[in-house]
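**Q** My questions are about this predicted structure, shown below with the sequence.
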Number of protein chains: 2
Amino acid sequence: MISSIAELISDRIGAMPAGERRAAQTLIANYPLTGLKTVAEFSAAAGVSSPTILRFVARLGFQNYPEFQSALQDELAAQLQSPASRTLNPDSAGSAVSPMLEATLDNLRETFRHLTDKQLADIAARLAERRGKTFLIGGRFTDPLARYMAAHLAIIQPDVYHLSGQESIWRDRLIDMGKRDVLVIFDIRRYQESLVRFAEKAHHRGVQIILFTDQWLSPIARFARHVIAGRTAVPSAWDSSAALFVVAETLIGAVTRQLEAAGAKRIRDLESLR
Amino acid sequence: MISSIAELISDRIGAMPAGERRAAQTLIANYPLTGLKTVAEFSAAAGVSSPTILRFVARLGFQNYPEFQSALQDELAAQLQSPASRTLNPDSAGSAVSPMLEATLDNLRETFRHLTDKQLADIAARLAERRGKTFLIGGRFTDPLARYMAAHLAIIQPDVYHLSGQESIWRDRLIDMGKRDVLVIFDIRRYQESLVRFAEKAHHRGVQIILFTDQWLSPIARFARHVIAGRTAVPSAWDSSAALFVVAETLIGAVTRQLEAAGAKRIRDLESLR
DNA sequence: CAAAATACGTAACATAACATACAGCGCTCC
DNA sequence: GGAGCGCTGTATGTTATGTTACGTATTTTG
């Protein structure tokens, strides 16, 4: 059963030629606004010709373009009148994606509920004060999060390093680390032995550790100065890192704000290097 | 200070002649839909003549009717993109982290609202059918997402490769790619020239491209078989990849489910390798 | 009460929007 | 490798939309 035009499109998008598919994707990308504009504007936005738009509309079963627009408007009217339906596809209850998304949203809310502003502010302050270097590392599945955070932090301040490659490589870099430095570690179940060893050694050298982990806390928490515990449970065989990802982004944002003055200059300098 | 056209109208409705006032009331009554229709329909709905509508629009300060409609559309676009989510976490008002988190939650909801089950199922099916190889690559900030997805996919199926290192390196790997293969690309603003070139070449070799991008669509959309447009706007200097991250996780989940039978054996084999 | 000014609608016009015919191109399937 | 089919864009035609001019009705003011 198809109720909205958006569904209709994604139902038939598979059976469309390339040009019409581009039209469909452009429309879905910011639905339904593109469809309310003129054919010429629509075609320009999609990068195809006007007839392709009209053929696309015809394929959806509309007699002509105005009829298509009227349908979009009717849909919009219904949506605007019942604000409750704006939250999510109301009919997507019981759908396949819904449980995953719902679980993730719950995880986010729960994670941030246990996270005070002060905690985040403290950590951000620690990351922003540039007395020493910042190292980041993660486990098998969480290392991409470390990379992501490193990529952003490296833009607004110097001396940010992601530890990659084999264990022996980053173990050797311990020699560069001291009590002025910060080590950000991502570690969720199953906790990695190698990371625990690394954290312990770094801790003994006086490095301040900021740990991103799950709600059961990696053993590294024992050595960490700051611990962020994210919810990871989703209806799936593996754990979700989405909550930790969002916390990481939030921290990046906070650090950016704190370094705004210094950071702005740095970003300008970076731009001029291209 | 007047921000919306609705305010503008109620501000000046007192100084309007009878006919224009009827036009104003009709528009406000089901705002902004009537204003998106044609002058003739608007005038019929208000029970006045077309020129009255045009005079009404002119009195609001617009040069002509299309300009007025564009303004309404822009307003609508802004509204649709950031659904007022204040209602959700009522107790977190005034908190420092709140704006970031709220924006992220909005982005998630909006992203999935434009994403149907069928789309996701199609993409998951394509990723799960193992006719060829799967390659993943991302841009400056999104490459970690590609790595994350690669790490998970590689567990449940063979022939999953993340393309890392310098451009010349992955460019050379094009030689291994053919029409049975899938290329997953992450690219958000600012879109990377090198990725576009790479995508184009891969496309010409017949590789099926799955693109993760933002709502403004990377130019790669032109070559992509499937496009996932995530919302990236957050109150910050940079863009958020959280929505794309969650979509990636959702896809991983869907692929896992589809490969459950084959995957379970593979996971057992992996375990025994440790 | 009269006269002027303002507002409103009818009708004709110009413009730009949608629709269609056609030709070139690429693709697939023999 | 060749023939056929299907998709796409250019160019042209046609519709209908927005716009303007003008005459009539209505209200306001002296």
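**A** Yep, that arrived. Numbers count the residues shown, from 1 in each chain, chains lettered A, B, ... in the order given.

**Q** Quick one: name the residues of chain A near DNA strand D.
**A** A:Pro17, A:Ala18, A:Gly19, A:Glu20, A:Val48, A:Ser49, A:Ser50, A:Pro51, A:Thr52, A:Arg55, A:Pro66 (Cβ under 7 Å from any atom of the strand). All C-beta atoms are positioned from the backbone trio N, CA, C, and that covers glycine.

**Q** ChimeraX command to pick out the buried ones of the residues you listed?
**A** Command for ChimeraX that selects the buried part of the residues of chain A next to DNA strand D, burial taken from 16 or more other Cβ atoms under 10 Å in any protein chain shown:
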select /A:19,20,48,52,55
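
**Q** restrict the residues of chain A next to DNA strand D to contacts with DNA strand C.
**A** Among those, DNA strand C is touched by A:Ser50, A:Pro51, A:Pro66 when using Cβ under 7 Å from any atom of the strand.

**Q** just checking, the first one touches A:Val39?
**A** Yes: taking contacts as Cβ atoms under 8 Å, A:Ser50 lies within contact range of A:Val39: 5.0 Å.

**Q** mind checking how far A:Asn64 is from chain B?
**A** 14 Å (Cβ to the nearest Cβ, to the nearest Å).

**Q** just A:Ala44 next, same as before
**A** 13 Å.

**Q** That residue: helix or strand, and which one exactly?
**A** In this assignment (DSSP states H and E), A:Ala44 forms part of helix A:39-46.

**Q** Past that helix, which element shows up next along the chain?
**A** Downstream of helix A:39-46 (by DSSP H and E), the next one is helix A:50-59.

**Q** one step back: which residues touch the helix holding A:Ala44?
**A** With Cβ atoms under 8 Å, 6 or more residues apart in numbering or on different chains as the test, helix A:39-46 has contacts from A:22-23, A:25-27, A:34-35, A:37, A:49-50, A:52-54, A:65.

**Q** tell me the SS of A:Gly206?
**A** coil (DSSP: H, G, I helix; E, B strand; the rest coil).

**Q** from the residues of chain A next to DNA strand D, which single one is nearest B:Pro144?
**A** A:Ala18 (30.6 Å; Cβ to Cβ).

**Q** list the contacts for that closest one?
**A** Per Cβ under 8 Å, 6+ apart, neighbours of A:Ala18: none.

**Q** Torsion angles phi and psi at it?
**A** Phi and psi for A:Ala18, reported as degrees, to the nearest 10, are phi -50, psi -50.

**Q** same question, the one 4 residues further on
**A** With angles defined as degrees, to the nearest 10, A:Arg22 sits at phi -60, psi -40.

**Q** want to throw the contacts of helix A:39-46 into a markdown table with pLDDT?
**A** As requested, the contacts of helix A:39-46 are arranged in a markdown table below (pLDDT from 0 to 100):
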| residue | pLDDT |
| --- | --- |
| A:Arg22 | 91 |
| A:Ala23 | 93 |
| A:Gln25 | 90 |
| A:Thr26 | 91 |
| A:Leu27 | 92 |
| A:Thr34 | 93 |
| A:Gly35 | 94 |
| A:Lys37 | 94 |
| A:Ser49 | 92 |
| A:Ser50 | 93 |
| A:Thr52 | 94 |
| A:Ile53 | 94 |
| A:Leu54 | 94 |
| A:Tyr65 | 95 |
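
**Q** Could you work out the end-to-end span of stretch A:43-55 for me?
**A** With Cα to Cα, to the nearest Å applied, stretch A:43-55 spans 11 Å between its terminal residues.

**Q** One more: stretch A:209-229?
**A** Using Cα to Cα, first and last residues of stretch A:209-229 are 14 Å apart.

**Q** residues in contact with it?
**A** A:111, A:114-115, A:119, A:122-123, A:126-127, A:138, A:142, A:145, A:182-189, A:191, A:195-196, A:199-200, A:202-203, A:208, A:230-232, A:239, A:244, A:247-248.

**Q** Show the average pLDDT along stretch A:186-196.
**A** Average pLDDT, stretch A:186-196: 93.

**Q** May I ask you to confirm that A:Asp106 is in contact with A:Arg231?
**A** Yes: contact criterion Cβ under 8 Å: A:Asp106 and A:Arg231 qualify, at 7.4 Å.

**Q** the more surrounded of these two?
**A** Taking neighbours as other Cβ atoms under 10 Å in any protein chain shown, A:Asp106 and A:Arg231 compare with A:Arg231 leading, 23 against 14.

**Q** Could you find the closest non-adjacent residue to the more buried one?
**A** Once flanking residues are discounted, A:Arg231 sits nearest to A:Asn107: 3.8 Å by Cβ to Cβ, 6 or more residues apart in numbering or on different chains.
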